[in-house]
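# I would like to see how this sequence folds:
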Amino acid sequence: MVIKKAEFIKSYSFGYSGGDKREICVVGRSNVGKSSFINALCNNKKLAKASSTPGRTRLINVFSINDGEFNLVDLPGYGYAQASKSDKESWDELMGHYFENANTLVQVIVLTDIRNTSQKDKEMLNYLYYYQIPFTVVATKCDKITKSALYGEIGKVSSHLMLGRDNIIPFSAVTRFGLDKVLDRFDQILHNDQEQ
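Coordinates of the predicted model:
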């Protein structure tokens, strides 16, 4: 797949339950690099706003890809330790409403830091398993480790999430390592969805 055009549509604070296009959404901890992932994917450094302060994204941001071929949905980051209890509950409610009502959702891209997979990531996968929502795991920030350490770190992510190595795509927004594999995965997701 080639993403030739990506446009920001709208931000939603609550009540968004999917649009009329197929959707692939991106989730992950608040400091995992979701904005950098989206910008690298769409080859537009200014598309998704990255903040130096984790936990800033408290909205559902929707982007149109290739003139409506599908929508890319950026959900608020989870697991930010310094967030208040009410903020955490608000984020949980926001995401829960989306997952329970988004009829056009075809895949969830779960981002995890290759150096630090957390219990929150595991809980997210358990949630998706429970509701039978298909997902793909992308291990970000591969530029932060050496090439020789990559295989071992993928093994740690695999073990922690109880997921096969082949089901994890290593990725770096800085070097664009793994970008082709992510785009191939998007192509596969959308092609399979059309056949169903």
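
# can you classify residue 143 as helix, strand or coil?
helix (DSSP: H, G, I helix; E, B strand; the rest coil).

# can you pull the pLDDT of it?
We have a pLDDT of 96 for residue 143.

# repeat that for the one 5 residues further on.
Looking at residue 148, its pLDDT stands at 95.

# quick one: contacts for it?
Residues near residue 148 by C-beta atoms under 8 Å, 6 or more residues apart in numbering: none. Yep, even glycine has a C-beta here, placed from its N, CA and C like the rest.

# check which helix or strand it maps to.
Per DSSP states H and E: residue 148 is located in helix 147-161.

# next, the buried residues of that helix.
For helix 147-161, a neighbour-count test (16 or more other C-beta atoms under 10 Å) marks 153, 154, 157, 158, 161 as buried.

# is it true that the third one touches residue 138?
No: counting by C-beta atoms under 8 Å, residue 157 stays clear of residue 138, with 10.3 Å between them.

# now do the shared contacts for those two.
In terms of C-beta under 8 Å, 6+ apart, residue 157 and residue 138 are both contacted by the residues 112, 168.

# assign residue 24 to helix, strand or coil.
With three-state DSSP as the basis, residue 24 sits in strand.

# list the beta-bridge partners for it.
Beta-bridge pairing for residue 24 (DSSP bridges): residue 72, residue 107.

# that one: neighbouring residues, count only.
21 (other C-beta atoms under 10 Å).

# any low-confidence regions in this protein?
In the predicted model, the chain carries pLDDT under 70 at residues 50-57, 79-88, 193-196.

# and the strand or helix carrying residue 89, what does it pack onto?
Taking DSSP H and E as the definition, residue 89 sits inside helix 85-101. Using 3 or more C-beta pairs under 8 Å, 6 or more residues apart in numbering; DSSP states H and E as the contact criterion, no helix or strand is in contact with helix 85-101.
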